[in-house]
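1. predicted coordinates and the sequence they were generated for:
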Amino acid sequence: MVQKVVVLGAGRVGKLVAITLAEDRKLEVTALDRDEKAIASLPKNVRGRRADLSPKNVKGLVKGADLVVNAVPGFMGFAVLREIIGAGRDCCDFSFMPEDAMRLGKAAERKGVVAAFDCGIAPGFSNMIVGRMAADRRLESVEIMVGGLPTKKTNPFGYKALFSPIDVIEEYVRPARLVRNYKPVSMPALTELELVDLPCVGILEAFNTDGLRSLIGTVKARNMTERTLRYPGHAEKVGMLREVGFFNDDVVEVRGAKVRPIDMTAKLLFPMWQLRKGEDDLTVMRVVGEGEGRRETWDILDRSTKGISSMARTTGYTAVIVAKMILNGDWDKPGVSPPEYIGREKRLFDKAVRQMKGYGIGITKK
């Protein structure tokens, strides 16, 4: 029997998810986006349709779907997920919404909906690793380090990304939530900078950012941190911009024009930070867990392949794996689940690792 999948959002990652799922002939995949160019770029085996993905329209758009993939921008993510659940549709979500998706858990349970959120590389696959560690032993410490980087440093910041500069800037402004001595604490982003030497990449700098998200409430460990990886010198440069006020969101007036400094900064950085077609990137991640006298380290490395960026690959393939787990009944728990819940199940975790490797993602454990 053919199962119907609707992908909400056909940006770089949403498009890859739709194309990959459509390779399975048992799936009928429809991708929706407001951008005509995004729809026109889809292959024939993906049903593309231009649509307004505003929350008020979602229930009608997902009617009849066996699974919905929520790939809308983060600021829309929570409202769209709420409507998907209200429509009674299972969901794999990688919108990376700022709100707590687990607030929708009771509503999903009442509807019998199976929903998984934060289904990317980090948060996402990183959570699966931590969930598996926590199921195996009592954890003393967890450290996640992750970064998406251009393979070549071509600007003063040594940085380019798939995402809008304003989304990246928010990582540098939003306080980082960590766990110290079993208690959640908050620290400024960009703090506790250190240099790390990673295989096949070299020396990078790591600093605190707000990436633990659901792990703070679902995994018990004495200490937990999430750090962003960049080429050395990046944190100092963006930190200077932050301290001067370039990332502020309060409106200022300049020669009669009113503007938010963060908007102006993002506008100026966009051409410099945009990863353009033909430019290669890499994604590197290290997850370290210690507990009960054991230390476990996972290293993940991926590079652009056949014109597909590594960030799209690592995020998109994680989402594809979770989506298929829901479709085939491997993950069938009603409610709203973070990826660490899937990682607790050894069979599912091992399957996810095998499939990520099958997509060409480099994964080593020691």
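-> Thanks, I have it.

2. can you give me the helices for the stretch 51-200 of the chain?
-> Assigned by DSSP state H, counting those that start in this stretch, the stretch 51-200 of the chain shows helices spanning 55-61, 74-86, 105-111, 125-136, 165-173.

3. JSON lines for those, including distance to M356?
-> For every residue, glycine as well, the C-beta is placed using N, CA and C. JSON lines is the format used below for the helices of the stretch 51-200 of the chain (distance: least, C-beta to C-beta, whole Å):
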{"stretch": "helix 55-61", "distance to M356": "30"}
{"stretch": "helix 74-86", "distance to M356": "23"}
{"stretch": "helix 105-111", "distance to M356": "26"}
{"stretch": "helix 125-136", "distance to M356": "7"}
{"stretch": "helix 165-173", "distance to M356": "24"}
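
4. in the chain, where is pLDDT below threshold?
-> When residues are selected by pLDDT under 70, none of them lie in the chain.

5. now P150: how far from I321?
-> According to C-beta to C-beta, to the nearest Å, P150 and I321 sit 26 Å apart.

6. what about these two, which has more around it?
-> Ranked by neighbour count (other C-beta atoms under 10 Å), P150 and I321 place I321 first, with 26 against 21.

7. and that one, helix, strand or coil?
-> The local conformation at I321, judged by DSSP: H, G, I helix; E, B strand; the rest coil, is helix.

8. contacting residues for it?
-> 351-352, 355-356 (C-beta atoms under 8 Å, 6 or more residues apart in numbering).

9. now swap in G293 and tell me
-> By C-beta under 8 Å, 6+ apart, the contact set of G293 is empty.

10. phi first, then psi, for it.
-> phi 80, psi 10 (degrees, to the nearest 10).

11. distance check, it against E140.
-> From G293 to E140 the distance is 9 Å (C-beta to C-beta).

12. for A71, see how far away the residue nearest the centre of the chain is.
-> Centroid-nearest residue in the chain: G120, 3.8 Å away (criterion: C-alpha atoms, centre = their mean). Counting by C-beta to C-beta, the separation of G120 from A71 is 10 Å.

13. mutual contacts of those two, please.
-> 94, 319.

14. run a quick neighbour tally on A257.
-> 8.

15. residue contacts, the residue nearest to E143 when sequence neighbours are not counted?
-> Closest residue in space to E143, ignoring its immediate chain neighbours: V288 at 4.7 Å, by C-beta to C-beta, 6 or more residues apart in numbering. Taking C-beta under 8 Å, 6+ apart, we find V288 in contact with 141-143, 295-298.

16. now Y159
-> By C-beta under 8 Å, 6+ apart, the contact set of Y159 is 149-150, 168, 230-231, 234, 273.

17. how about a cut-off of 10 Å?
-> Shown in contact with Y159 (C-beta atoms under 10 Å, 6 or more residues apart in numbering): 147-150, 153, 165, 168, 230-231, 234, 237-238, 269, 272-273, 275.

18. buried among those residues? Make that a PyMOL selection.
-> The PyMOL selection below is limited to those of the contacts of Y159 classed as buried (16 or more other C-beta atoms under 10 Å):
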select buried, resi 147+148+149+150+165+168+230+231+234+238+269+273+275
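
19. among the contacts of Y159, which lie within strands?
-> 147-150, 230 (DSSP state E).

20. and which of the residues you listed is nearest L190?
-> Closest approach to L190 among those (C-beta to C-beta): R230, at 9.9 Å.

21. list the contacts for that closest one?
-> Applying C-beta under 10 Å, 6+ apart to R230 gives the contacts 147-149, 157-159, 190, 193, 204-207, 237-238.
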